[in-house]
Each structure stands twice: as structure tokens, then as C-alpha cells.
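Q: From the sequence below, what's the structure:
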Amino acid sequence: MADWNGYIMDISKQFDQGVDDLNQQVEKALEDLATNPSDPKFLAEYQSAL
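A: A predicted model of the protein is given here:
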């Protein structure tokens, strides 16, 4: 099968990278929140990452 390269593949790659980045942000914010759940800063960071 031919390897497709072009506009759609570029958009797909950018989307996948964005999803991976967002997932990392959410995971880090959740870890921070779990270490100190009473700190409103961590809750705000988690909510903004969602």
C-alpha cells in the first residue's frame, strides 16, 4: 500500500501531537492535585487542563 503524505496527513499528525500534549498536561495536573488535594491552585490547573 502506498504511503500517503499530504495535507490531511499533516493535519492528522498535528492533531495527534496536540492530543498527546493535552493528555500529558492532564496527567501532570492530576498527579499534582493528588499530592495536595486541598490546594486550590492544583484544582484550578487540573480544571484548566480539561
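
Q: Mind checking what helix or strand follows the helix or strand hosting residue 14 in sequence?
A: Taking DSSP states H and E as the criterion, residue 14 maps to helix 7-35. Where DSSP H and E defines the elements, the next helix or strand beyond helix 7-35 is helix 40-49.

Q: give me the low-pLDDT residue ranges for the chain?
A: 1-4 (pLDDT under 70).

Q: So which residue is smack in the middle of it?
A: By CA atoms, centre = their mean, the mean C-alpha position of the chain lies nearest to residue 22, the distance being 1.0 Å.

Q: I'd like the distance between residue 6 and residue 18.
A: Residue 6 is 19 Å from residue 18, where distance means CB to CB, to the nearest Å. For the C-beta atoms, the positions are set from N, CA and C on the backbone; glycine is no exception.

Q: Of those two, give the one with the bigger neighbour count.
A: residue 18 (10 against 7; other CB atoms under 10 Å).

Q: quick revisit: what residues are up against the residue nearest to the centre of the chain?
A: residue 49 (CB atoms under 8 Å, 6 or more residues apart in numbering).

Q: tally of neighbours for residue 46?
A: Residue 46: 19 neighbours (other CB under 10 Å).

Q: That should have said residue 30, apologies.
A: 15.

Q: Looks like it contacts residue 46 (just checking).
A: Yes. At 5.9 Å, residue 30 counts as touching residue 46 under the criterion of CB atoms under 8 Å.
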